[in-house]
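1. Build the 3D model from these lines:
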Amino acid sequence: MSHSIDRVRYDQAPGMEGYLAAVVKNAELWKGVHRTAAVDDHQVGRLRAAAGPMRLLALSEDWCMDAVSTLPVVGRLAEQAGVEFRILGRDANPDIMDAHLTGGTRSIPVVIVVDEAGSEWAWWGPRPAAVQRWMRAEGAFLAKEDRTRRKRAWYARDRGRSTVREVVETVERAARRRSESPDA
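-> Numbers count the residues shown, from 1 in each chain. The predicted structure follows:
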């Protein structure tokens, strides 16, 4: 991948706790999802084994229901695996966002896997594959309120398992790509 995240911008981005302290919209939901997030030990081990020097960087905004449903769980996963995780605002970082469009849109969250130099190796987002398929099919025809209600119900049933599995798979893919790269 050709995109790179400069170290200064990464270092200035808050971690999960700092981000939670700064959210305004949906603050109680953000904190509640983080407080109750539970991550399978097997997935934590997989992330720990794959990550090595890799770090995670997310693009988010506090109003985004997909972000509030996924990033606190990713934060818990990273914390338990000992992997550095930072969050940048989508709107304040249009250059990074525009390199990670979904179907031509600035959909968030986006979780980017970068190495210690800031080189990007893979990214995930904006939501678990099952929700993304639903959004492109049935969800596309629903009123926003009904779509949001149904997505929240799906996220509540899933309890972050799909997000965790897909983020871990993304980091594993990045690690394989990096190990095969002559420039790494």
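2. The host helix or strand of Leu71 packs against which elements?
-> Element membership for Leu71 (DSSP states H and E) is helix 65-81. Counting contacts by 3 or more C-beta pairs under 8 Å, 6 or more residues apart in numbering; DSSP states H and E, helix 65-81 is packed against helix 16-22, helix 27-36, helix 41-51, strand 55-60, strand 85-89, helix 144-158, helix 161-180. Where C-beta positions appear, they are placed from N, C-alpha and C, glycine not excepted.
3. Looking at the ones you listed, spot the one closest to Trp121.
-> The closest of these to Trp121 is helix 161-180. By C-beta to C-beta, the value is 3.5 Å.
4. on that earlier part again, out of the helices and strands packed on helix 65-81, flag the one nearest Thr105.
-> Nearest to Thr105, of these and by C-beta to C-beta, is strand 55-60 at 12.8 Å.
5. picking up where we left off before, mean pLDDT for the helices and strands packed on helix 65-81: which is lowest?
-> Averaged per stretch, pLDDT over these is lowest on helix 144-158, reaching a mean of 89.
6. Just name the most buried of the helices and strands packed on helix 65-81.
-> strand 55-60 (a mean of 24; mean count of other C-beta atoms under 10 Å).
7. now Asp11, nearest residue through space, not along the chain?
-> Using C-beta to C-beta, 6 or more residues apart in numbering and skipping residues adjacent in sequence, the residue nearest Asp11 is Arg86, 8.0 Å away.
8. residues in contact with that neighbour?
-> Taking C-beta atoms under 8 Å, 6 or more residues apart in numbering as the criterion, Arg86 is in contact with 10-11, 13-15, 55-58.
9. Bridge partners for it, pull those for me.
-> Assessed by DSSP bridges, Arg86 has beta-bridge partners Leu57.
10. Please determine how far it is located from Tyr10.
-> Distance of Arg86 to Tyr10, given as C-beta to C-beta, to the nearest Å: 6 Å.
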